[in-house]
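S.K.: 3D model of this:
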Amino acid sequence: MATEITQFLLAAQSPDAKVRSQAEANLQQFGECNLPTFLLALSNELWNNEKPLESRRLAGIILKNYLDAKDASRKQQLLQQWVGIDVAMKSQIKDLLLRTLGTSVPEASHTAAQVIAKLASIEIPRKEWQDLIESLLHNMTKQDSPDGLKQAILETLGYVCEEVSHEELEQGEVNSVLTAVVQGMSSVQHSADVRLAATRALYNALSFAQTNFENGMERNYLMKVACETAVANEVEIRQAAFECLVAIASMYYVVLAPYMETLFELTSKAVREDEEPVALQAIEFWSSICDEEIELQESLNDHSHFVEKALPMLVTMLLDTLLKQDEDQDQDDSIWNLSMAGGTCLGLVARTVGNAIVPLVIPFVQANIGKPEWRCREAAINAFGLILEGPSIETLSPFNQAGLEFLLKALKDESNHVRATTAWTLSRIFELLHSPGSTFTVVSSTNIHHIVGTVLEAIKDVPCVAEKVCGAIYFLAQGFEDAGSRSSLLTPYLPDIISSLLAAVERVDCSDSKLRSSAYETLNEVVRCSNLVETSVMIQNLLQVIMSKLAQTLDCPIASSGDREKQGDLQALLCAVLQVIIQKLSSSDDTKLIILQVADQIMMLLLRIFACRSSTVHEEAMLAIGALAYPTGPQFGRYMPEFYKYLEMGLQNFEEFQVCSITVGVVGDVCRALDEDILPYCDGIMTLLLTDLSSSELHRSVKPPIFSCFGDIALAIGPHFEKYLQAALGMMRGASEVCARMDTSDDEIIEYCNQLRRSIFEAYSGILQGFKGCKPELMVPNAAHLFQFLEFVYRDKMRDEGVTKAALATLGDLADVVGPSIISLFKEHSFYAEFVSECLVDGDKQLKETAVWTQGMISKLSACG
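M.R.: Residues are numbered from 1 along each chain as shown. Okay, the predicted model is just below:
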């Protein structure tokens, strides 16, 4: 088959579907029958200059796909496949890939660089291919190495740095890589292509350079080269150099002080004079500096105040960018230009320096707000909206009332751009400065009539404006959420607001814009934040409207996949509104009856929607059913015979894992509604949940909710959970051991580990409480392992507050439920006393209450002993 690989690769790209399908089958069969030979044949194809470019290109793609995958389980499987290949065969493949770097065909060398990096990510952590870096650098520094080879090697070094953890390379190797990269950036010695590859490689190598940045001499040299490269003749190289400076701002903020004057000059010149791709990176540099200083301020750490020191000139530079809008930037979400980047940065500057920005921006607003050019008016309003977060309410208050009045007038400006930005700025004002329960609020009984009338007129505007008006209404409604049981100023206007939002979703010109989804999301917030006592009749009427609209979608003619997609999108939006209405009306015993009266109709609609088999609808319809389970309680049992098959489908939906995750949550909702009446379905549900946990195909984010669901099921069925206990505990133990082995240097892994631990504790609590008073002895054999897990988590300083609360509650449940049988374990493990004491003095009220309860349970146990 190896001799036929070229024909297979070419045929796999044939326009003839039959030929293409057969070739793909042949390639797959080759890989399955003899993987080492297959990979060697692909490597040889990629290397061989006599082969067609088309076959070489596909060979490279297939090689990458046999070494790496996005899915974690598939990636692990591919890693094990490579590890299992004979060393001699692997050496041949790697040698061919290294030789491919010298090919005259850039596409082939580029692909080889990527494949080498994928292999490096497998082998270097295993202490294999130890001479890779040395071999690459040797070929890079040879006198007769052509520029094409140097470029390919630099690309390879960059990709290797991207793929391999910085802990895996020796410092000597890092030094050698940085030396080669910096030399490659030299404009004297190398071509533009080599210098671009070197600059991009530096970007990827920066995470390895911590030791080098701690050394003043080495840091000075690296900064000098980066700054010199930022003024290179070529746009792409300048852009890449500024990308390096952005990364340096994030990684090495603490050592930047000696270079900030130069960096300000470079960035301000780039923003004023350079091509847009370069100017955007120059602005991004200051956004990164802001991010660092905001983070340091929030953690109460001191910092260098770079933004504050550069403030007058920096603000002037950013305000100038606001005047460089594109004509169609409101119509196209993919646009990212100087105006938008500058605006984002200005908002970050306001959050960084607070009050100090106001006197620098207000004169710009006043100078441009009345100019005839729309760009000036839009920039002025935009600037005002951007600085609302950061300064104190007291500092802004002199401008707010007059500003609000002006903005309401500006909703009638002749320019679409100005009206859209005005609506966005109003949404910012309502979000940040509208809180009826506080000492200052921009919305009052004297101006609310004018505000509501103006925005409801503006929602009839063109879609790009109306969409942002929806945002303003959203935050206007949200501001009244804290009114509680008090009468809401907004209540008299809700019928008109609801009518206007329903009219907006029916507009014929909103199908290709975000207006429809924005209007429905705003409707959800209006319902959620309303005063239920005052609005129950309105919400009941709205429920009938939404149910009617949902029924109409089921009768729409479907002539194409596009029609099906539109139907699914609309059903998803309507199901989301239905969910919010159910939750709102179910929150009070006085209005819960409204839901109970139409529960059968709602359920019938949702079951019909499941039959459409659209994943988006499935997701939203499942959430609506979860909401319906609460008010119907035990009566939900009458829907289970028909609903259960969709529950099964959701739990088996590995591909659309969000659907699976939501379905797991709904299982919990149904358990809380039915209690022991869920028992007839538990065998099937538990089998599916255990299968999900065992699967390497299911996305890992679904697994924590499954453990929490074990707790819900155990709590619902009590002693009947005994038949599932050992299987569930086995999974919980396995997951806790996985947590102990996870990489604690990766923030995402730490977050996932915390989710997993919290859910395991929730499962333990549910099981313990379920057995309380009936079969507590079943947990005695597992108490020792649980104690070990609790202590391990207590000692781990990476645990978050959610894990702490869940662990503390489990400790209390253990003392409460298992009782005197485990007094010896409490005597053997002294950590619990430190744990409880630590939580007793915590500032979190809920945690402190849990600690008091847990201490009480343990004290009772001690008294028994």
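S.K.: kindly export the lowest-mean-pLDDT helix or strand in the chain (C-alpha atoms) in PDB.
M.R.: When each helix and strand of the chain is scored by mean pLDDT, DSSP states H and E, helix 823-828 comes last, with a mean of 79. Listed next in PDB are the C-alpha coordinates belonging to helix 823-828 (Å, rounded to 0.1, in the frame of the first residue of the first chain):
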ATOM      1  CA  ILE A 823     -15.700   8.500  66.400                       C
ATOM      2  CA  SER A 824     -12.300   6.800  66.000                       C
ATOM      3  CA  LEU A 825     -11.900   8.500  62.600                       C
ATOM      4  CA  PHE A 826     -12.500  11.900  64.000                       C
ATOM      5  CA  LYS A 827      -9.900  11.100  66.700                       C
ATOM      6  CA  GLU A 828      -7.400  10.000  64.100                       C
END
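S.K.: buried set for it?
M.R.: For helix 823-828, a neighbour-count test (16 or more other Cβ atoms under 10 Å) marks Leu825, Phe826 as buried. In short, each C-beta sits where N, CA and C put it, glycine included.
S.K.: helix or strand for the spatially most central residue of the chain, just tell me which one.
M.R.: In the chain, the centroid-proximal residue (Cα atoms, centre = their mean) is Glu748; its distance is 10.2 Å. Here Glu748, judged by DSSP states H and E, is contained in helix 747-771.
S.K.: before we move on, back to that, the least confident helix or strand of the chain packs against which elements?
M.R.: helix 780-795, helix 845-864 (3 or more Cβ pairs under 8 Å, 6 or more residues apart in numbering; DSSP states H and E).
S.K.: how about those, which one is nearest Val164?
M.R.: Closest approach to Val164 among the helices and strands packed on helix 823-828 (Cβ to Cβ): helix 780-795, 29.5 Å.
S.K.: quick revisit: now the angle from the following helix or strand past the least confident helix or strand of the chain to helix 845-864?
M.R.: Next helix or strand after helix 823-828 toward the C-terminus (DSSP H and E): helix 831-840. Note on geometry: by axes from the mean of the first three to the mean of the last three Cα atoms, to 10 degrees, helix 831-840 and helix 845-864 are set 150 degrees apart in direction.
S.K.: do I have it right that Glu107 meets Leu58?
M.R.: No. Between Glu107 and Leu58 there is no contact under Cβ atoms under 8 Å: 11.3 Å.
S.K.: which residue packs closest to Leu341, ignoring adjacent ones?
M.R.: Slight slip there: residue 341 is Ala, not Leu. Leaving aside its chain neighbours, Ala341 sits nearest to Ile283 (4.5 Å; criterion: Cβ to Cβ, 6 or more residues apart in numbering).
S.K.: got a list of what that neighbour touches?
M.R.: Neighbour list for Ile283: Thr267, Val271, Leu318, Thr321, Leu338, Ala341, Gly342, Cys345 [criterion: Cβ atoms under 8 Å, 6 or more residues apart in numbering].
S.K.: kindly report the same for Thr663.
M.R.: Counted by Cβ under 8 Å, 6+ apart, Thr663 has contacts Met622, Leu647, Gly650, Leu651, Asn653.
S.K.: okay if I get those as JSON lines plus pLDDT?
M.R.: Output for the contacts of Thr663, formatted as JSON lines (pLDDT from 0 to 100):
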{"residue": "Met622", "pLDDT": "94"}
{"residue": "Leu647", "pLDDT": "93"}
{"residue": "Gly650", "pLDDT": "91"}
{"residue": "Leu651", "pLDDT": "92"}
{"residue": "Asn653", "pLDDT": "87"}
